[in-house]
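Enquirer: Kindly return the folded structure for what I paste below:
(one chain, ligands or ions: 1)
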Amino acid sequence: MTFQIRQLSTPDYPFVISVIDRWWGGRQMADKLPRLFFEHFTGTSFAAERDGRLAGFLAGFISQSRPGEAYIHFAGVDPAERGNGLGRLLYEAFFQAAQARGCILVRAVTSPVNRGSVAFHQRMGFQPEPGDAEVDGISVSSGYDRHGGDRVRFIRSLLGA
Ligand SMILES: CC(C)(COP(=O)(O)OP(=O)(O)OC[C@H]1O[C@@H](n2cnc3c(N)ncnc32)[C@H](O)[C@@H]1OP(=O)(O)O)[C@@H](O)C(=O)NCCC(=O)NCCS
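Expert: Take a look at the predicted model:
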(Lines give C-alpha, C1' and ligand atoms only; values in the text may rest on other atoms or scores of the structure.)
Protein backbone atom coordinates (compact mmCIF):
# COMPACT_ATOMS: atom_id res chain seq x y z
CA MET A 1 0.00 0.00 0.00
CA THR A 2 1.56 3.26 -1.11
CA PHE A 3 0.93 6.59 0.53
CA GLN A 4 2.20 9.88 -0.81
CA ILE A 5 3.27 12.40 1.77
CA ARG A 6 3.07 16.09 0.85
CA GLN A 7 2.72 19.39 2.65
CA LEU A 8 -0.67 20.18 4.13
CA SER A 9 -2.17 23.31 2.59
CA THR A 10 -5.22 25.58 2.64
CA PRO A 11 -7.28 23.59 0.07
CA ASP A 12 -7.14 20.60 2.48
CA TYR A 13 -9.00 22.52 5.19
CA PRO A 14 -12.64 21.92 4.08
CA PHE A 15 -12.13 18.17 3.69
CA VAL A 16 -10.27 17.71 6.98
CA ILE A 17 -12.88 19.72 8.87
CA SER A 18 -15.68 17.68 7.27
CA VAL A 19 -14.25 14.35 8.50
CA ILE A 20 -12.41 15.24 11.68
CA ASP A 21 -15.24 14.65 14.19
CA ARG A 22 -15.92 11.23 12.65
CA TRP A 23 -12.22 10.34 12.58
CA TRP A 24 -12.07 11.18 16.31
CA GLY A 25 -14.94 8.81 17.07
CA GLY A 26 -17.66 11.49 17.28
CA ARG A 27 -15.79 13.89 19.57
CA GLN A 28 -16.22 17.59 18.70
CA MET A 29 -12.77 18.37 17.34
CA ALA A 30 -13.31 20.69 14.35
CA ASP A 31 -13.08 23.89 16.41
CA LYS A 32 -9.72 22.80 17.78
CA LEU A 33 -8.08 22.79 14.36
CA PRO A 34 -8.55 26.29 12.94
CA ARG A 35 -7.80 27.18 9.37
CA LEU A 36 -4.63 28.99 10.41
CA PHE A 37 -2.83 25.64 10.71
CA PHE A 38 -3.41 25.11 6.99
CA GLU A 39 -2.11 28.58 6.17
CA HIS A 40 0.75 29.33 8.53
CA PHE A 41 2.31 25.97 9.43
CA THR A 42 2.54 24.22 6.08
CA GLY A 43 6.31 23.64 6.24
CA THR A 44 5.86 21.30 9.19
CA SER A 45 2.37 19.94 8.48
CA PHE A 46 1.67 17.00 6.22
CA ALA A 47 -1.04 15.29 4.23
CA ALA A 48 -0.94 11.64 3.20
CA GLU A 49 -2.75 10.60 0.04
CA ARG A 50 -3.60 7.23 -1.40
CA ASP A 51 -5.00 7.15 -4.93
CA GLY A 52 -5.39 10.92 -4.79
CA ARG A 53 -7.55 10.81 -1.68
CA LEU A 54 -6.50 12.30 1.65
CA ALA A 55 -5.99 9.39 4.04
CA GLY A 56 -4.32 11.20 6.93
CA PHE A 57 -2.83 14.46 8.06
CA LEU A 58 -0.57 16.00 10.68
CA ALA A 59 -0.58 19.63 11.84
CA GLY A 60 2.56 20.61 13.72
CA PHE A 61 4.96 23.49 14.17
CA ILE A 62 8.32 24.61 15.50
CA SER A 63 8.03 26.41 18.84
CA GLN A 64 8.49 30.17 18.55
CA SER A 65 9.36 30.53 22.22
CA ARG A 66 11.30 27.37 23.05
CA PRO A 67 14.35 26.93 20.82
CA GLY A 68 14.91 23.33 19.79
CA GLU A 69 11.33 22.26 20.47
CA ALA A 70 8.66 21.17 18.02
CA TYR A 71 5.00 20.46 18.70
CA ILE A 72 2.46 18.14 17.07
CA HIS A 73 -0.96 19.70 17.47
CA PHE A 74 -3.16 17.23 15.60
CA ALA A 75 -2.71 14.06 13.60
CA GLY A 76 -5.44 11.86 12.22
CA VAL A 77 -5.76 8.84 9.96
CA ASP A 78 -8.94 7.76 8.16
CA PRO A 79 -10.39 4.88 10.23
CA ALA A 80 -10.37 2.73 7.07
CA GLU A 81 -6.61 3.26 6.74
CA ARG A 82 -5.51 2.64 10.31
CA GLY A 83 -3.06 0.00 11.36
CA ASN A 84 -1.07 0.28 8.14
CA GLY A 85 1.75 2.45 9.44
CA LEU A 86 0.39 5.75 8.13
CA GLY A 87 0.39 7.47 11.53
CA ARG A 88 4.02 6.42 11.93
CA LEU A 89 4.85 7.72 8.44
CA LEU A 90 3.32 11.13 9.23
CA TYR A 91 5.13 11.39 12.56
CA GLU A 92 8.44 10.40 10.95
CA ALA A 93 7.95 13.08 8.29
CA PHE A 94 7.43 15.59 11.09
CA PHE A 95 10.46 14.36 13.04
CA GLN A 96 12.62 14.85 9.92
CA ALA A 97 11.23 18.33 9.27
CA ALA A 98 11.80 19.31 12.90
CA GLN A 99 15.34 17.91 12.93
CA ALA A 100 16.13 19.76 9.71
CA ARG A 101 15.09 22.95 11.53
CA GLY A 102 17.41 22.26 14.46
CA CYS A 103 14.94 20.72 16.89
CA ILE A 104 16.01 18.18 19.48
CA LEU A 105 12.65 17.31 21.01
CA VAL A 106 8.99 16.99 20.12
CA ARG A 107 6.00 17.55 22.33
CA ALA A 108 2.41 16.38 21.91
CA VAL A 109 -0.54 16.60 24.26
CA THR A 110 -3.41 14.16 24.26
CA SER A 111 -6.48 13.41 26.33
CA PRO A 112 -6.25 10.41 28.67
CA VAL A 113 -9.68 9.25 27.41
CA ASN A 114 -8.12 8.82 23.97
CA ARG A 115 -6.56 5.46 24.76
CA GLY A 116 -5.61 4.83 21.12
CA SER A 117 -3.69 8.08 20.96
CA VAL A 118 -1.90 7.34 24.25
CA ALA A 119 -0.88 3.87 23.03
CA PHE A 120 0.16 5.24 19.64
CA HIS A 121 2.40 7.92 21.17
CA GLN A 122 4.04 5.37 23.43
CA ARG A 123 4.75 3.16 20.40
CA MET A 124 6.21 6.21 18.67
CA GLY A 125 8.74 6.63 21.48
CA PHE A 126 7.03 9.38 23.49
CA GLN A 127 7.19 9.45 27.29
CA PRO A 128 4.55 11.07 29.49
CA GLU A 129 5.86 14.01 31.51
CA PRO A 130 5.15 13.88 35.25
CA GLY A 131 1.72 15.27 36.12
CA ASP A 132 -0.38 15.48 39.27
CA ALA A 133 -2.61 12.45 38.71
CA GLU A 134 -2.58 9.03 37.13
CA VAL A 135 -5.01 7.35 34.72
CA ASP A 136 -4.45 3.70 33.81
CA GLY A 137 -0.83 3.96 34.92
CA ILE A 138 -0.18 7.08 32.81
CA SER A 139 0.80 10.38 34.41
CA VAL A 140 -1.81 13.09 33.71
CA SER A 141 -1.83 16.88 34.21
CA SER A 142 -5.23 17.84 35.63
CA GLY A 143 -6.99 20.90 34.22
CA TYR A 144 -4.25 21.48 31.67
CA ASP A 145 -6.77 22.72 29.08
CA ARG A 146 -9.71 24.70 30.45
CA HIS A 147 -12.01 23.22 33.09
CA GLY A 148 -11.55 19.52 33.49
CA GLY A 149 -9.26 19.31 30.49
CA ASP A 150 -6.92 16.67 31.84
CA ARG A 151 -4.08 15.91 29.47
CA VAL A 152 -1.15 13.59 29.02
CA ARG A 153 1.88 15.72 28.11
CA PHE A 154 4.11 13.63 25.88
CA ILE A 155 7.72 14.33 25.06
CA ARG A 156 10.14 12.59 22.68
CA SER A 157 13.79 13.24 22.04
CA LEU A 158 14.97 13.63 18.45
CA LEU A 159 18.59 13.00 19.38
CA GLY A 160 19.75 9.79 17.79
CA ALA A 161 16.33 9.39 16.12
C1 LIG B 1 -3.63 7.54 16.48
C2 LIG B 1 -3.65 7.33 14.95
C3 LIG B 1 -3.15 8.61 14.27
C4 LIG B 1 -2.74 6.14 14.62
O5 LIG B 1 -2.71 5.99 13.20
P6 LIG B 1 -2.34 4.58 12.50
O7 LIG B 1 -2.05 4.85 11.08
O8 LIG B 1 -3.38 3.57 12.81
O9 LIG B 1 -1.00 4.19 13.29
P10 LIG B 1 0.16 3.21 12.77
O11 LIG B 1 -0.45 2.09 12.01
O12 LIG B 1 1.21 4.01 12.09
O13 LIG B 1 0.74 2.66 14.15
C14 LIG B 1 2.02 3.02 14.66
C15 LIG B 1 2.26 2.21 15.91
O16 LIG B 1 1.31 2.58 16.93
C17 LIG B 1 0.55 1.45 17.34
N18 LIG B 1 -0.84 1.87 17.50
C19 LIG B 1 -1.55 2.67 16.66
N20 LIG B 1 -2.81 2.80 17.13
C21 LIG B 1 -2.88 2.06 18.27
C22 LIG B 1 -3.92 1.78 19.17
N23 LIG B 1 -5.16 2.30 19.03
N24 LIG B 1 -3.65 0.96 20.24
C25 LIG B 1 -2.42 0.44 20.41
N26 LIG B 1 -1.38 0.68 19.55
C27 LIG B 1 -1.62 1.46 18.49
C28 LIG B 1 0.66 0.47 16.20
O29 LIG B 1 0.50 -0.87 16.66
C30 LIG B 1 2.06 0.72 15.67
O31 LIG B 1 3.02 0.06 16.46
P32 LIG B 1 4.31 -0.60 15.76
O33 LIG B 1 4.71 0.31 14.62
O34 LIG B 1 5.31 -0.65 16.83
O35 LIG B 1 3.84 -1.92 15.26
C36 LIG B 1 -5.10 6.96 14.49
O37 LIG B 1 -5.59 5.89 15.25
C38 LIG B 1 -6.09 8.11 14.58
O39 LIG B 1 -6.23 8.92 13.65
N40 LIG B 1 -6.84 8.20 15.71
C41 LIG B 1 -7.86 9.25 15.90
C42 LIG B 1 -7.24 10.61 16.02
C43 LIG B 1 -6.27 10.72 17.18
O44 LIG B 1 -6.54 10.27 18.29
N45 LIG B 1 -5.08 11.32 16.94
C46 LIG B 1 -4.05 11.36 17.97
C47 LIG B 1 -3.22 12.54 18.04
S48 LIG B 1 -4.02 14.15 17.96
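Enquirer: CA only for contacts and neighbour counts going forward, please
Expert: OK.
Enquirer: Might you list the low-confidence residue ranges for the protein?
Expert: Low-confidence segments of the chain (pLDDT under 70): 1, 161.
Enquirer: Repeat the analysis, applying 80 as the threshold.
Expert: Counting by pLDDT under 80, the ranges of the chain that qualify are 1, 147-148, 160-161.
Enquirer: Could you point out the longest helix of it?
Expert: helix 86-100 (DSSP state H).
Enquirer: near the ligand at all, that one?
Expert: Yes. Using CA under 6 Å from any ligand atom, helix 86-100 reaches the ligand at 86-88.
Enquirer: can you give me the strands in the chain?
Expert: 4-7, 46-50, 53-62, 69-77, 105-110, 127-128, 133-135, 138-145, 149-157 (DSSP state E).
Enquirer: can you list the ones you listed in JSON lines and add mean neighbour count?
Expert: What follows is the strands of the chain, written out as JSON lines (neighbours: other CA atoms under 10 Å):
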{"stretch": "strand 4-7", "mean neighbour count": "16"}
{"stretch": "strand 46-50", "mean neighbour count": "21"}
{"stretch": "strand 53-62", "mean neighbour count": "22"}
{"stretch": "strand 69-77", "mean neighbour count": "21"}
{"stretch": "strand 105-110", "mean neighbour count": "20"}
{"stretch": "strand 127-128", "mean neighbour count": "20"}
{"stretch": "strand 133-135", "mean neighbour count": "13"}
{"stretch": "strand 138-145", "mean neighbour count": "17"}
{"stretch": "strand 149-157", "mean neighbour count": "21"}
